[in-house]
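> A structural model of the following input is requested.
(4 chains)
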2 protein chains.
Amino acid sequence: MPMTPSSDNHDPAPGAGERERQSDAAYRRIKGSIVDGTFPPGLQMLEPELALKLGMSRTPVHEALVRLQDEGYVEIVPRRGMRVSALSPRDIREITEVLACFEVEAAERAAARRVAPEELAALDDAIAAMDRALEAQDLDRWNEADFRFHRLLIECSGNRHLIETAHRFLDKANRYRTLTTAHRLPPVYSNVNHAAVVEAIRRGDPQSAAEIHRAHKRRWLRELSDILARLGVAPDAGSTR
Amino acid sequence: MPMTPSSDNHDPAPGAGERERQSDAAYRRIKGSIVDGTFPPGLQMLEPELALKLGMSRTPVHEALVRLQDEGYVEIVPRRGMRVSALSPRDIREITEVLACFEVEAAERAAARRVAPEELAALDDAIAAMDRALEAQDLDRWNEADFRFHRLLIECSGNRHLIETAHRFLDKANRYRTLTTAHRLPPVYSNVNHAAVVEAIRRGDPQSAAEIHRAHKRRWLRELSDILARLGVAPDAGSTR
DNA sequence: ATGTGCTACAATGCACGCATTGTTGAGCTT
DNA sequence: AAGCTCAACAATGCGTGCATTGTAGCACAT
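Numbers count the residues shown, from 1 in each chain, chains lettered A, B, ... in the order given. This next block holds a predicted model:
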């Protein structure tokens, strides 16, 4: 069950010859289960239960849970164990907004500095993959390529603190990625915009890069609002806690 | 020694009637010591040593260290205990950039929504306090008020995820706050700009709010570059890890 | 004398146990 | 019968011990 099927998260990965700490394994596996939906929002689990399932003692599990709580994935309820945090429409919109903010900044910074050709090529690759996936109507592939594009774009900023934090938000966004993707229109505009952003970065035009991506994200936020309204409650309903 | 003199960090605070967990206390106290400079960058300490100093067992200390490592405050070196992370000029610039990005977004969002009058009043208060501190040439008071202003501005965004993350960065920025404040010119422009931003928020003008703050932050980043160049090495020297 | 290998020690991750505390259910009272 | 109180249990935080592992110092060989 906890096999993290096509898990996209960028966590250190088990490492090749290195042995992973149990605590890190617990962190990675629990987070993976939450992101890929194996642990749905609201799920409650006791520490001993988790420890048994993960085949380790309570100590590393406890440590992992505290870390996950720090990142907002779970809430530790005094006597009921961990509870997987809910993802309200408000949370989804807020996370998307923060991510948009990061990416606009990244696009601007990327255009303002000298970006390695390999990085630009990788961006092109991701866009090409999205195009192909779009034609084949393969949502999974499109998701993967879109995720890759955003990851790369952020990395092009050259700001390690931004990269670190934005990647954390990308992981969080993956919790609702499939949800929203399934309900959005065919994302043809995405690819056109992404290509335009890369073009602006390539010719070193920070103003355009930022503005194009900002406009794109604004459109996406509006579409997201529609999707959320259609999917659930009122446009600005739930609260997480 | 670990008395967190005028510690500005916003961590849950010991809580009144609530009893604090040892693990949280360790996290808070160690982080406080790092932020206020009691634990200078590069300092190495062993877990048993820390546990002794904090009057608790190794378990909660270990947990706290892992959390602090997640946030970039320390690095856990396999056999040498924790080491307080260095703060290179590059780190300082990057953190400042991310923070600027957050605040511009916050200013824009604040102007775009209905901000409670009390929040606006609190912002005015902070600006007034900065003015007074500036006249009295009291850097400590100015620092406190400036920190308060930025905190409040971020909170006005209404985006809880942005608030959470930006506050984490504010804490990080406090590690070098006194350092840079001591070396900057009297920050008269700051107050004028801050007042202009609040004014734009008050009259609900997102465009202006964002643009004014963006320009202000750009100026500050340039001044910061000068300070860093004057203080130390080359404009883009060190690397953290 | 210097370089290399071995040994002893110390730090760390994790398992386990204990004390604490909150919760649940049962029994009693009104 | 319903509500309240109390007692037993279970989860959790933390302290402690053990096994592992990396390091440093010493001795030996060249």
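> next secondary structure after the helix or strand that contains A:D91?
Assigned by DSSP states H and E, A:D91 falls within helix A:89-112. Note on helix A:89-112: by DSSP H and E, the next helix or strand toward the C-terminus is helix A:117-135.
> count the neighbours of A:Q137 for me.
A:Q137: 9 surrounding residues under other CB atoms under 10 Å in any protein chain shown. C-beta here means a position set from N, CA and C on the backbone, and glycine is covered the same way.
> I'd like the distance between the most centrally placed residue in chain A and A:E97.
Closest residue to the average C-alpha location of chain A: A:L170 at 2.4 Å, with CA atoms, centre = their mean. Distance, A:L170 to A:E97, by CB to CB, to the nearest Å: 14 Å.
> likewise for A:L228?
13 Å.
> so between these two, which is more surrounded?
Using other CB under 10 Å as the criterion, A:L228 and A:E97 rank with A:L228 on top: 24 against 19.
> about what we covered before: show me what the helix holding A:D91 is packed against.
Under the contact criterion of 3 or more CB pairs under 8 Å, 6 or more residues apart in numbering or on different chains; DSSP states H and E, helix A:89-112 touches helix A:139-155, helix A:160-183, helix A:188-202, helix A:206-231, helix B:89-112, helix B:160-183.
> ok, which of those comes nearest A:L52?
Comparing the helices and strands packed on helix A:89-112 against A:L52 with CB to CB, the closest turns out to be helix A:160-183 (25.0 Å).
> flag every buried residue along the closest one.
Going by neighbour count (16 or more other CB atoms under 10 Å in any protein chain shown), the buried part of helix A:160-183 is A:160-163, A:165-177, A:180.
> please see if it touches chain B.
Yes - using CB under 8 Å from any CB of the partner chain, helix A:160-183 reaches chain B at A:R160, A:H161, A:L162, A:E164, A:T165, A:F169.
> what residues are up against the nearest residue to the last one once chain neighbours are set aside?
Right, A:F169. Closest residue to A:F169 in three dimensions, ignoring its sequence neighbours and counting by CB to CB, 6 or more residues apart in numbering or on different chains: A:L99, at 5.0 Å. Residues near A:L99 by CB atoms under 8 Å, 6 or more residues apart in numbering or on different chains: A:H150, A:A166, A:F169, A:L170, A:A173.
> again with A:H161
A:H161 neighbours (CB under 8 Å, 6+ apart): B:G72, B:D91, B:E94, B:I95, B:E97, B:V98, B:F169.
> of those, which is the nearest to DNA strand C?
Among the contacts of A:H161, B:G72 lies closest to DNA strand C (CB to the nearest atom of the strand), at 16.6 Å.
> tell me the pLDDT at the spatially closest residue to that closest one that is not a sequence neighbour?
Sequence neighbours aside, B:S85 is the residue nearest to B:G72 in space, at 5.9 Å (criterion: CB to CB, 6+ apart). On pLDDT, B:S85 comes in at 97.
> B:S85 and B:R79, how far apart?
B:S85 sits at a distance of 18 Å from B:R79 (criterion: CB to CB).
> those two - which one has more neighbours?
Per other CB under 10 Å, whichever of B:S85 and B:R79 has more neighbours is B:S85, with 21 against 5.
> chain A against DNA strand C: which residues are in contact?
Neighbours of DNA strand C within chain A, by CB under 7 Å from any atom of the strand: A:R21, A:Q22, A:S23, A:D24, A:M56, A:S57, A:R58, A:T59, A:P60, A:E63, A:P78, A:R79.
> near chain B, which of the residues you listed show up?
Checking those against chain B (CB under 8 Å from any CB), the matches are A:S23, A:T59, A:E63.
> mind giving me the domain ranges of chain A?
With domains defined by automatic domain parsing, chain A comprises A:22-84, A:89-231.
> distance to B:G42 added to these, as JSON lines?
Below are the domains of chain A laid out as JSON lines (distance: least, CB to CB, whole Å):
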{"stretch": "domain A:22-84", "distance to B:G42": "25"}
{"stretch": "domain A:89-231", "distance to B:G42": "19"}
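> out of those domains, flag the one nearest DNA strand D.
domain A:22-84 (3.2 Å).
> now do the same end-to-end measure for that closest one.
Using CA to CA, to the nearest Å, one end of domain A:22-84 lies 21 Å from the other.
> so the residue nearest to the centre of chain A sits against A:H150, correct?
Yes - between A:L170 and A:H150 there is a contact at 6.3 Å, judged by CB atoms under 8 Å.
> could you list the residues of chain A in contact with DNA strand D?
A:19, A:46-48, A:58-59, A:62, A:76, A:78-82.
> scan those residues and report the most crowded one.
Result: A:M82 is most packed of the residues of chain A next to DNA strand D (other CB under 10 Å), 27 neighbours.
> I'd assumed A:P186 was in a helix, is it?
No - using DSSP: H, G, I helix; E, B strand; the rest coil, the secondary structure at A:P186 is coil, not a helix.
> how much space between the nearest residue to it once chain neighbours are set aside and DNA strand C?
Closest residue to A:P186 apart from its sequence neighbours, by CB to CB, 6+ apart: A:L134 at 6.6 Å. Note on A:L134: its distance to DNA strand C, by CB to the nearest atom of the strand, to the nearest Å, is 43 Å.
> just A:A145 next, same as before
In this view, A:A145 and DNA strand C are 35 Å apart by CB to the nearest atom of the strand.
> near the residue nearest to that residue when sequence neighbours are not counted, how many other residues are there?
Once flanking residues are discounted, A:A145 sits nearest to A:A129: 3.7 Å by CB to CB, 6+ apart. Look at A:A129: counted by other CB under 10 Å, it has 17 neighbours.
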